[in-house]
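Participant: next comes the sequence, and after it the predicted model I'd like to discuss.
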Amino acid sequence: MPDKPTIETRTFGDLIRERFKLTGYCRPCGMVSRELDLEKMPPDEVYIGRRFVCRDCGATMEISVSPPAWGR
Ligand SMILES: [Zn+2]
């Protein structure tokens with residue numbers, strides 16, 4: 001589980017500005033991870049509490065937010 005971001009990131013636009021990554025995991029597809037394309041999301045929409053659906057099976061994905069310095 002990633003640490004809670006200290007920067008204000010509530011909307012898709014915030015995530016893009018701070019270079020965060022949004023990754024979805026689909027359990028029915030074997031916890032396959034998909035990086036979500038933030039450019040295609042409405043920038044002023046809050047991502048917290050939003051549902052993301054797997055494009056293959058239609059199940060709700062689990063979401064992980066990664067700060068830019070997090071991945072190594
Ligand atoms: Zn799936």
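Facilitator: Cool, the structure landed. Every value quoted in this text rests on a predicted model; they were computed, and no experiment measured them.
Participant: for the residue nearest to the spatial centre of the chain, which non-adjacent residue is closest in space?
Facilitator: Nearest residue to the geometric centre of the chain (CA atoms, centre = their mean): L22, 2.4 Å. Using CB to CB, 6 or more residues apart in numbering and skipping residues adjacent in sequence, the residue nearest L22 is L36, 4.4 Å away. For the C-beta atoms, the positions are set from N, CA and C on the backbone; glycine is no exception.
Participant: so what are the sheet partners of the helix or strand hosting the residue nearest to the centre of the chain and their directions?
Facilitator: Taking DSSP states H and E as the definition, L22 sits inside strand 21-26. Under the criterion DSSP bridges, strand 21-26 sits next to strand 32-35 (antiparallel), strand 62-66 (antiparallel) in its sheet.
Participant: out of those, deepest packed?
Facilitator: Across the strands paired with strand 21-26, the average number of neighbours (mean count of other CB atoms under 10 Å) peaks for strand 62-66, which reaches a mean of 15.
Participant: show residues contacting that one.
Facilitator: 1-2, 5, 9, 15, 20-27, 36, 47, 52 (CB atoms under 8 Å, 6 or more residues apart in numbering).
Participant: again, only this time at 6 Å
Facilitator: Taking contacts as CB atoms under 6 Å, 6 or more residues apart in numbering, the residues outside strand 62-66 that touch it are P2, F20, K21, L22, T23, G24, Y25, F52.
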